[in-house]
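Undergrad: let me see the structure of the following:
(12 chains)
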Protein chains: 12
Amino acid sequence: MAEHVYKKLELTGSSTTGIEDAVSNAVSKAAKTIHSLRWFEVTEIRGGIEDGTIAHWQVSLKVGFTLDD
Amino acid sequence: MAEHVYKKLELTGSSTTGIEDAVSNAVSKAAKTIHSLRWFEVTEIRGGIEDGTIAHWQVSLKVGFTLDD
Amino acid sequence: MAEHVYKKLELTGSSTTGIEDAVSNAVSKAAKTIHSLRWFEVTEIRGGIEDGTIAHWQVSLKVGFTLDD
Amino acid sequence: MAEHVYKKLELTGSSTTGIEDAVSNAVSKAAKTIHSLRWFEVTEIRGGIEDGTIAHWQVSLKVGFTLDD
Amino acid sequence: MAEHVYKKLELTGSSTTGIEDAVSNAVSKAAKTIHSLRWFEVTEIRGGIEDGTIAHWQVSLKVGFTLDD
Amino acid sequence: MAEHVYKKLELTGSSTTGIEDAVSNAVSKAAKTIHSLRWFEVTEIRGGIEDGTIAHWQVSLKVGFTLDD
Amino acid sequence: MAEHVYKKLELTGSSTTGIEDAVSNAVSKAAKTIHSLRWFEVTEIRGGIEDGTIAHWQVSLKVGFTLDD
Amino acid sequence: MAEHVYKKLELTGSSTTGIEDAVSNAVSKAAKTIHSLRWFEVTEIRGGIEDGTIAHWQVSLKVGFTLDD
Amino acid sequence: MAEHVYKKLELTGSSTTGIEDAVSNAVSKAAKTIHSLRWFEVTEIRGGIEDGTIAHWQVSLKVGFTLDD
Amino acid sequence: MAEHVYKKLELTGSSTTGIEDAVSNAVSKAAKTIHSLRWFEVTEIRGGIEDGTIAHWQVSLKVGFTLDD
Amino acid sequence: MAEHVYKKLELTGSSTTGIEDAVSNAVSKAAKTIHSLRWFEVTEIRGGIEDGTIAHWQVSLKVGFTLDD
Amino acid sequence: MAEHVYKKLELTGSSTTGIEDAVSNAVSKAAKTIHSLRWFEVTEIRGGIEDGTIAHWQVSLKVGFTLDD
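TA: Presented below is the predicted three-dimensional model:
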């Protein structure tokens, strides 16, 4: 693993069902264009409320991937 | 949305099942007296342990609502 | 000043013009119902973007006021 | 304890004698109107200086109380 | 509860299913050797990605337990 | 808004006049290549001093935009 | 002092009287099994409220001790 | 720029008009006795309220200057 | 109070008796050379342990004072 | 320098030898595709351990570069 | 890697030569009694000064290791 | 060590070679005018990039020294 270089992107995934799905949606979206995703780090959990009920979860995360050639 | 003023309250919801339910319980409780809830921000996740098992989840969150007349 | 007790509320003011106006809007709104406001502390500066331009500033702040009888 | 919802208020107590008294003053004040206070969390310790001597301690704290019916 | 002394350990639990299970796995593991576990505090949520999908969740937490004789 | 995925970029805008213009310059620059900018979050305010006067303001911010197809 | 290695433990001491006693109780407890305690760092001050009065102070701290043979 | 040493001072500037003027006042004051000021970093934005209106802005900042001979 | 400029110094006071005395010692020391001290902010509480007992408290604080002529 | 806009990327460089080399590896990698790199800020220092020895250092950093045309 | 549980210890290593050696000393010490060390995270860098020169570096770090049977 | 009062200064040292030298440069500079330096605490590690290579390291630190007569 030594000498590798990784890049981190910051994303916000949303979901009507919960935290894990919001993260999963963001990872899936990123995986469409980046094939070397390695890890994620959750940085913020928030969401929207409509009619007194949680309408969607919004979870911000950083995803790390390999930059090697 | 410009010129609106919002107020944030800090709540702690608890649940025996998990994080989403603890947040949902807090939002439901607040919605009984506040009709203009707009968003929430999770600030802390903790809980109690009894007999070596998680007895309940306690999630602190801020809820924001509109103060306009 | 000794022995006084103060309470802090957390507000979010918005404005189309800038940070100072967003704070001022929040303070004015709070002053309608609280007459002993003493100080504020800015906790977050963010805003919305529409058509590639800043549409409004949203500034979160705590306002402190005297609780004494 | 499960399924309860708590609310947190942020207060600043002051005292000429020290930190514990500043916190105690804030808790006593809050207890006059809220009967279900459960815990407190100190968030800031500061104070005023007059004539080269500490004139008063100002301690900010959050107090948590039960919202249940 | 006064005069008790508690110790906190920092653990990282992992799970293929989600955050609650990762915490639960860590608590269960700790409970095998420590019988007086009282509470936990989540300090970090991250995880590994394989083939564009979340492979496992890794949640760091502190667990507190009584040190009394 | 549910199920959307957003990406955040971190920028530093500068201006000789003030904070709002520094943010505005950064947003305008980003808007030239990204058409779905939604919000910004200020993360740092600093600047340069020349001849005892503020020469320019440098404001770091995150801008969020929609990743949906 | 060079080349030494220290270990830090995280404890929570409680006391009905105040912050210093809560720290002192935690240090005394740790000193029963660790003989090379060198320093402490307070990380959190909180407590319980009963009948509108502070029932006990709970102070979290890290204690550092020498690991050398 | 290599091998230089800088010193940072922490100041609080105030102004009745806004954040930029409060910073500018602090920089001007410091520039009277320090001729090698290079940069500033805003660390806190707060202010006083009188009669329901913002009476003054108080902005804390660090200013950095060259210590070289 | 508007238009004033304040400077903050960071000190560490120590005491064998407790937190308040450590802060008081630092303020007294600073007051010998600075006559316009206005406020203090506690930033860190730690201390030394000898023979299993707290030997001294070390409290870091910032003191603010007026820079006006 | 006024009116420029900068972008920050977050990278993680690794090295078997130490912190400076891990940062240097990340900067070199970024410099292959970005020609206007201006500064870096270290955000995290961690690493892997194998057979009781440090196997590699992993240093996260932000790199800033000019966005001007 | 899924379903594993890890424990983190906090150590402070010291060295007269530099940061990497201080970390390495702490890891080596821990490796004498713990055989499953996996990673480390640096949390603080400080040190002692004697006669105007750095006498030793003190680096605090967390080390993570596997708790599995 | 009890009853002493210490003062902390914040410096930024720079070096073309690495972190330790940047800190050492700052400490040496401070030692020319302050004879009772006792400890340092690193608060920020950053640096400049020129032609795709690290041109200099800039390390901010606080140095503590005795104020006693």
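Undergrad: can you pull the contacts of the residue of chain A found nearest chain D?
TA: When scored by CB to the nearest CB, chain A has residue A:52 as its residue closest to chain D, at 13.6 Å. From N, CA and C alone the C-beta is placed, and that goes for glycine too. By CB atoms under 8 Å, 6 or more residues apart in numbering or on different chains, residue A:52 lies in contact with B:27, B:28, B:31, B:32, B:35, B:37.
Undergrad: closest to chain K out of these?
TA: residue B:27 (31.7 Å).
Undergrad: I'd assumed that closest one was in a helix, is it?
TA: Yes - Residue B:27 forms part of a helix when assessed by DSSP: H, G, I helix; E, B strand; the rest coil.
Undergrad: near chain F, which residues of chain A are found?
TA: Neighbours of chain F within chain A, by CB under 8 Å from any CB of the partner chain: A:9-16, A:25-26, A:29-30, A:48, A:55-56, A:60.
Undergrad: need the outlier residue of chain A, farthest from its centre.
TA: For chain A, the residue at maximal distance from the C-alpha centroid (CA atoms, centre = their mean) is residue A:51, at 27.0 Å.
Undergrad: what does the pLDDT read for it?
TA: Per-residue confidence (pLDDT) for residue A:51: 96.
Undergrad: from residue L:62, how far off is residue A:19?
TA: Between residue A:19 and residue L:62 the computed distance is 38 Å (CB to CB, to the nearest Å).
Undergrad: show me the contacts for the closest residue to residue A:17 other than its chain neighbours.
TA: Sequence neighbours aside, residue A:57 is the residue nearest to residue A:17 in space, at 7.5 Å (criterion: CB to CB, 6 or more residues apart in numbering or on different chains). Going by CB under 8 Å, 6+ apart, residue A:57 touches A:14, A:15, A:16, A:17, A:18, A:19, A:21, A:22, A:45, A:46, A:47, B:20.
Undergrad: take those and keep only those in strands.
TA: The strands, defined by DSSP state E, take in A:14, A:15, A:45, A:46, A:47 from the contacts of residue A:57.
Undergrad: nearest to residue K:67, of those residues?
TA: residue A:45 (26.9 Å; CB to CB).
Undergrad: the closest one contacts residue A:54, correct?
TA: No - counting by CB atoms under 8 Å, residue A:45 does not reach residue A:54; the two are 11.6 Å apart.
Undergrad: which one's more surrounded, the two?
TA: Taking neighbours as other CB atoms under 10 Å in any protein chain shown, residue A:45 and residue A:54 compare with residue A:45 leading, 24 against 20.
Undergrad: separation between that one and residue H:48?
TA: For residue A:45, the distance to residue H:48 equals 34 Å [CB to CB].
Undergrad: also residue A:18?
TA: From residue A:18 across to residue H:48, the span is 44 Å (CB to CB).
Undergrad: ok, residue A:54 next?
TA: Distance of residue A:54 to residue H:48, computed by CB to CB: 38 Å.
Undergrad: just the pLDDT at the residue nearest to residue A:17, thanks.
TA: Reported pLDDT for residue A:57: 98.
Undergrad: and what about it, helix, strand or coil?
TA: Classified using three-state DSSP, residue A:57 is strand.
Undergrad: CA atoms of the helix or strand where residue A:61 lies as PDB?
TA: Element membership for residue A:61, per DSSP states H and E: strand A:53-66. This file holds the C-alpha atoms of strand A:53-66, laid out as PDB (Å, rounded to 0.1, in the frame of the first residue of the first chain):
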ATOM      1  CA  THR A  53     -42.300  14.000   9.400                       C
ATOM      2  CA  ILE A  54     -38.700  13.300   8.200                       C
ATOM      3  CA  ALA A  55     -39.000  13.700   4.400                       C
ATOM      4  CA  HIS A  56     -35.400  12.700   3.500                       C
ATOM      5  CA  TRP A  57     -32.000  12.100   5.100                       C
ATOM      6  CA  GLN A  58     -29.000  14.000   3.800                       C
ATOM      7  CA  VAL A  59     -25.700  12.500   4.700                       C
ATOM      8  CA  SER A  60     -22.400  14.100   3.700                       C
ATOM      9  CA  LEU A  61     -19.400  11.900   3.200                       C
ATOM     10  CA  LYS A  62     -15.900  11.800   1.800                       C
ATOM     11  CA  VAL A  63     -15.000   9.000  -0.600                       C
ATOM     12  CA  GLY A  64     -11.400   8.100  -1.100                       C
ATOM     13  CA  PHE A  65     -10.000   6.400  -4.300                       C
ATOM     14  CA  THR A  66      -6.600   5.500  -5.700                       C
END
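Undergrad: good, wrapping up.
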